[in-house]
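# Can you look at this prediction? I've put the sequence above it.
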Amino acid sequence: MRILIIDDEENIRRATVVVLEATGHETVDVDNAAAALKQVENSSFDIAFLDLKLGGESGLDLLPELVKLQPQLDVIVFTAYASIETAVEAMRRGAADYIPKPFTPEQIRQALGRLIAARKLRGRVAELESRLSTEAPTLDLATTEPAMQKALDLAFKAAATPATILLLGESGTGKSVVARALHEKSPQKDNAFVTVSCPSLSRELLESELFGHVKGAFTGAVGDKAGKVALANGGTLFLDEIGEIPLEIQPKLLRLLQEKEYERLGEAKTRRANVRVISATNRNLEKAVQDGRFREDLYYRLHVIAVQIPPLRERPGDLLKIADRYLQFFSQQCGKRLAGFSKEAEAVLQRYPWPGNLRELRNVIERAVILADTGEVDRLDLPEKLSQGSPLTLTSGVQIGARVSLKEIETEHIARVMKQAATMTEAAKILGITRDTLHRKKREMSGSPDVPAG
């Protein structure tokens, strides 16, 4: 981290610098309030150590000015005039911790350790809030499908290593779910999992989102911003849809991967970040390299471990289990008690090819739960498109497009309409025939178990 030391005693500054730089941090030290404000106005810091008595100046008065200039700055105050009153006042004005003079190197290390732990906790809280805000059920990755199990085995084998992992697959296949699971199984699991959606921002804003910026770096940059790389330091950075990242940013990302170094937008100062990178794409990156839209060196750096996530249509054994988990989640959210899916609804779900994969399934089940007015989700609660474009299995097992007669299809269709209609008159109107004709056809169908007796 980058740390500012503000103390009017040179020996105190020198001792603090030695302790902090010995633990791998970068330091800048000043001896007065004006110099401190100039540093904070022109550069970015993570932590400041502030003496509450700066010659004839008050550190207590300087403290809120520092925090106002850089709201993300954590300030640790120390003074020879330690008392409960000054400690409380320092905290009230924005201090994060308090050390009385004289202090030992161990006290500095402990205070720094508490702040680092607090920062990690804030990162975890932000992550959890982000997950809750999506209002989506957490999916476990248990599978009965060999292709999916093979993908997970490969991914989890690499989880404990520092290797960069590239998740490949169609949009909506659950790549972000796998990425989060990889983080939870990695040595970085106690630190933040930070997601960056590469297609969601312009080039300039994406660069700022990734690496951060300093005040005045571009129009609208009214203050310093740390960036997602800094937030993910010590943890995992998930780059979703990496194939969409602009060419201008790709060299900077490559540098981060190879050297763990980067610069904030508008700043020449080199920073370091120890992040584990997991990326995902639904694009053919090899073709993007051939077309000149993706750097070859970056492709190979990302492609250390490549995991292909199969689409939902290739996981028929998992589909109903996943659908049921969505159903239970949205039933609870809507305050409904639904036992599950009717056999007919299950057949429709299993037959549909799910081009939108898990994302489409989630939306379909949410809609079905809202519409369901019985104790289970029926076929009629599902969108009509699920029954179009593929053979439709009807209640009796008759399949449109199969080798069956028109008579069998007509019988099945009439039986279904009569079950749904409130009266024979309504059923006849739906079918486009007279009520007498419907009664005649009903007599002809009297042997069908699907025809109601009344």
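Received it, and whenever you're ready, just let me know what you need.

# What segments of the stretch 1-150 of the chain are helices?
Across the stretch 1-150 of the chain, reading from the start of the chain, the helices by DSSP state H, counting those that start in this stretch fall at 10-22, 33-42, 59-69, 84-92, 105-133, 146-159.

# Go through these and pick out the most buried.
Burial among these, expressed as mean neighbours by mean count of other C-beta atoms under 10 Å, is greatest for helix 59-69, which shows a mean of 19. For every residue, glycine as well, the C-beta is placed using N, CA and C.

# and it, what does it pack onto?
Using 3 or more C-beta pairs under 8 Å, 6 or more residues apart in numbering; DSSP states H and E as the contact criterion, the secondary-structure elements in contact with helix 59-69 are helix 33-42, strand 47-51, strand 74-79, helix 84-92.

# among these, which is nearest C334?
Proximity to C334, assessed across these by C-beta to C-beta, is greatest for strand 74-79 (42.6 Å).

# Pull the contacting residues for the residue lying closest to L152 once chain neighbours are set aside.
With C-beta to C-beta, 6 or more residues apart in numbering as the criterion, L152 has its nearest non-adjacent residue at 5.9 Å, and that residue is L141. Residues counted as contacts of L141 (C-beta atoms under 8 Å, 6 or more residues apart in numbering) are L152, V177, V178, A181.

# Could you say which of those is surrounded by the most neighbours?
Neighbour counts for the contacts of L141 (other C-beta atoms under 10 Å) peak at V178, which has 24 neighbours.

# and it, what does it touch?
Taking C-beta under 8 Å, 6+ apart, we find V178 in contact with L141, A151, L152, A155, L167, V307, I309.

# What of R272?
With C-beta under 8 Å, 6+ apart as the criterion, the residues that contact R272 are K260, E261.

# Specify the beta-bridge partners of it.
E261 (DSSP bridges).

# And it, what's its pLDDT?
Among the per-residue scores, R272 shows a pLDDT of 88.

# likewise the one 5 residues further on?
If you check V277, the pLDDT there is 96.

# again with S133
As predicted, S133 sits at a pLDDT of 49.

# can you check G94 too?
At G94, the pLDDT recorded in the model is 84.

# From R283, how far off is D29?
For D29, the distance to R283 equals 48 Å [C-beta to C-beta, to the nearest Å].

# Between those two, which has more neighbouring residues?
Between D29 and R283, counted using other C-beta under 10 Å, the more crowded position is D29 (20 against 15).

# Relative to A217, which of the helices of the stretch 1-150 of the chain is closest?
Of all these, the one in closest proximity to A217, counting by C-beta to C-beta, is helix 33-42 (12.5 Å).

# What are the contacting residues of the closest one?
Judged by C-beta under 8 Å, 6+ apart, the contacts made with helix 33-42 from elsewhere in the structure are 4, 6, 28, 30, 45, 48, 50, 54, 57, 59, 61-62, 65-66, 69-70, 73, 215.

# again with stretch 366-385
Where contact means C-beta under 8 Å, 6+ apart, the residues beyond stretch 366-385 that reach it are 326-327, 330-331, 334, 336-342, 344-345, 347-349, 364-365, 387, 420.

# Out of those residues, which end up buried?
For the contacts of stretch 366-385, a neighbour count by 16 or more other C-beta atoms under 10 Å gives the buried set as 326-327, 330-331, 338, 340-342, 344-345, 347-349, 364-365, 387.

# and those, which of them are in helices?
Y326, L327, F330, S331, E344, A345, A347, V348, L349, V364, I365 (DSSP state H).

# Could you dump those residues into CSV with distance to P251 and pLDDT added?
As requested, those are arranged in CSV below (distance: C-beta to C-beta, whole Å; pLDDT from 0 to 100):
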residue, distance to P251, pLDDT
Y326, 41, 93
L327, 47, 95
F330, 44, 92
S331, 49, 92
E344, 55, 91
A345, 51, 93
A347, 52, 91
V348, 49, 92
L349, 46, 94
V364, 42, 95
I365, 43, 95
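
# mind giving me TSV with these and columns for distance to T437?
Putting these into TSV (distance: C-beta to C-beta, whole Å) gives the following:
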residue	distance to T437
Y326	43
L327	40
F330	42
S331	42
E344	27
A345	31
A347	30
V348	30
L349	35
V364	37
I365	39
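
# circling back: nearest to E248, out of the helices and strands packed on helix 59-69?
Of all these, the one in closest proximity to E248, counting by C-beta to C-beta, is helix 33-42 (25.8 Å).

# Report pLDDT for G266.
Note on G266: pLDDT of 89.

# Which two of the buried ones among the contacts of stretch 366-385 have the greatest separation?
Spatial extent of the buried ones among the contacts of stretch 366-385 (C-beta to C-beta) is set by the pair S331 and S387 at 23.0 Å.

# Identify the residue nearest the geometric centre of the protein.
T195 (5.1 Å; C-alpha atoms, centre = their mean).

# closest one to I433 among the helices of the stretch 1-150 of the chain?
Comparing the helices of the stretch 1-150 of the chain by their distance to I433 (C-beta to C-beta), the top pick is helix 146-159, with 48.7 Å.

# That closest one packs against which elements?
Helices and strands touching helix 146-159, by 3+ C-beta pairs under 8 Å, 6+ apart, are strand 165-168, helix 175-184, strand 305-308.

# what about 6 Å?
strand 305-308 (3 or more C-beta pairs under 6 Å, 6 or more residues apart in numbering; DSSP states H and E).

# Helices of the stretch 151-300 of the chain, start to end?
Per DSSP H, counting those that start in this stretch, the stretch 151-300 of the chain carries helices over the ranges 175-184, 203-211, 228-231, 250-259, 285-290, 296-302.
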